[in-house]
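>>> quick one: sequence plus predicted model below, questions after.
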Amino acid sequence: MSRQMADPAFHANQTARAFTAPHIAPINAFVDSIRDRDGRGWVPYVPPHHGGIDARGISILRDPGPATQLGTGSGFISVENDDPTAERMAHLFDRYGIPARTVLPWNAYPWYIDAAPSAQQSKAGASVFVELLELTPEIEVVLVQGRDAEKAWRRTVALQPHLADRFSIHATIHPGRQALFHPDPEERRRRVAHQERTFEEVSEQLAR
């Protein structure tokens, strides 16, 4: 399935359980705690169909997109959002047998800007990510998608060097269409192949 957040019944179910499901309530309480921190603004919640404090993997993208906006979008970070990036993620999860419930989605810069974060913003996001990892002791796998997410991960490790050895790190292209904007079809095929291989590796790691 994909784009289920467009279904009012599915969305209502996720919203109703966002603060009552034991695995996700602490994550969304954390989201509340960082909203408007230093005047940075709004952060989308994580829906209960994803992993929370018991997640074994965490997926990092750049920043929340328009489909995460409350009102015009779902209000959540989700592979079931009604947009092409989420749809691609849902397809890859399904193809490689990665249950959404085992993965916690996050953004390198968790506040909504719909743009590439500056170096200063990326540093702020890395600091928050360190806090998030303290809430998620079961994380084993970090899936880093896109160059901005990779930069943020490097900044996170710079803050806490021991994290480099704590996780199995898997980096690949961003799941959005822009990652395939290249004139050479062979390069586009290479990027897709790398992405698919990375998701296969993540699946194998989570299956152990």
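Cool, got the structure.

>>> ok now stretch 96-105, how far from the chain's centre?
Distance, stretch centre to chain centre, for stretch 96-105: 11 Å (CA atoms, centre = their mean, to the nearest Å).

>>> same check on stretch 94-104?
On CA atoms, centre = their mean, the centre of stretch 94-104 falls 12 Å from that of its chain.

>>> over to stretch 171-178?
12 Å.

>>> go through it and flag the buried ones.
If you call a residue buried by 16 or more other CB atoms under 10 Å, then stretch 171-178 has these buried ones: 171-176. For the C-beta atoms, the positions are set from N, CA and C on the backbone; glycine is no exception.

>>> skipping adjacent residues, who's closest to residue 140 in space?
Nearest residue to residue 140, sequence neighbours excluded (CB to CB, 6 or more residues apart in numbering): residue 56, at 5.2 Å.

>>> for that neighbour, what are its contacts?
Residue 56 makes contact with 102-103, 138-141, 206 under the criterion CB atoms under 8 Å, 6 or more residues apart in numbering.

>>> nearest to residue 62, of the buried residues of stretch 171-178?
Distance to residue 62 across these (CB to CB) is lowest for residue 174, with 6.8 Å.

>>> ok, that closest one to residue 151 distance?
According to CB to CB, to the nearest Å, residue 174 stands 12 Å off from residue 151.

>>> now the host helix or strand of residue 188, how far from the chain's geometric center?
Taking DSSP states H and E as the definition, one finds residue 188 inside helix 185-206. Offset of helix 185-206 from its chain centre (CA atoms, centre = their mean): 17 Å.

>>> ok, stretch 144-155 next?
Worked out by CA atoms, centre = their mean, stretch 144-155 lies 12 Å from the chain centre.

>>> same check, this time on stretch 52-70
Chain-centre distance of stretch 52-70: 3 Å, with CA atoms, centre = their mean.

>>> start at 398 instead
Taking 398 as the first residue, the last one we looked at is stretch 449-467.

>>> look at residue 488 and report its pLDDT.
For residue 488, the model assigns a pLDDT of 97.

>>> OK, contacts around the nearest residue in space to it that is not next to it in sequence?
Distance criterion CB to CB, 6+ apart; nearest residue to residue 488, sequence neighbours excluded, is residue 399 at 6.5 Å. Counting by CB under 8 Å, 6+ apart, residue 399 touches 476-477, 483-484, 487-488, 491.

>>> for residue 502, what is the enclosing helix or strand?
strand 500-504.

>>> buried set for that strand?
500-504.

>>> same check, this time on stretch 504-516
Buried residues in stretch 504-516, counted by 16+ other CB under 10 Å: 504-510, 514.

>>> just give me the closest of the residues you listed to residue 430.
For the buried residues of stretch 504-516, the nearest to residue 430 is residue 507 (11.4 Å; CB to CB).

>>> give the burial count for residue 438, as a bare number.
12 (other CB atoms under 10 Å).

>>> now residue 558
9.

>>> distance check, it against residue 581.
Here the criterion is CB to CB. By it, residue 558 lies 37 Å from residue 581.

>>> do residue 605 as well
Computed with CB to CB, the distance linking residue 605 and residue 581 is 36 Å.

>>> residue 420 now?
From residue 420 over to residue 581 (counting by CB to CB), the distance is 43 Å.
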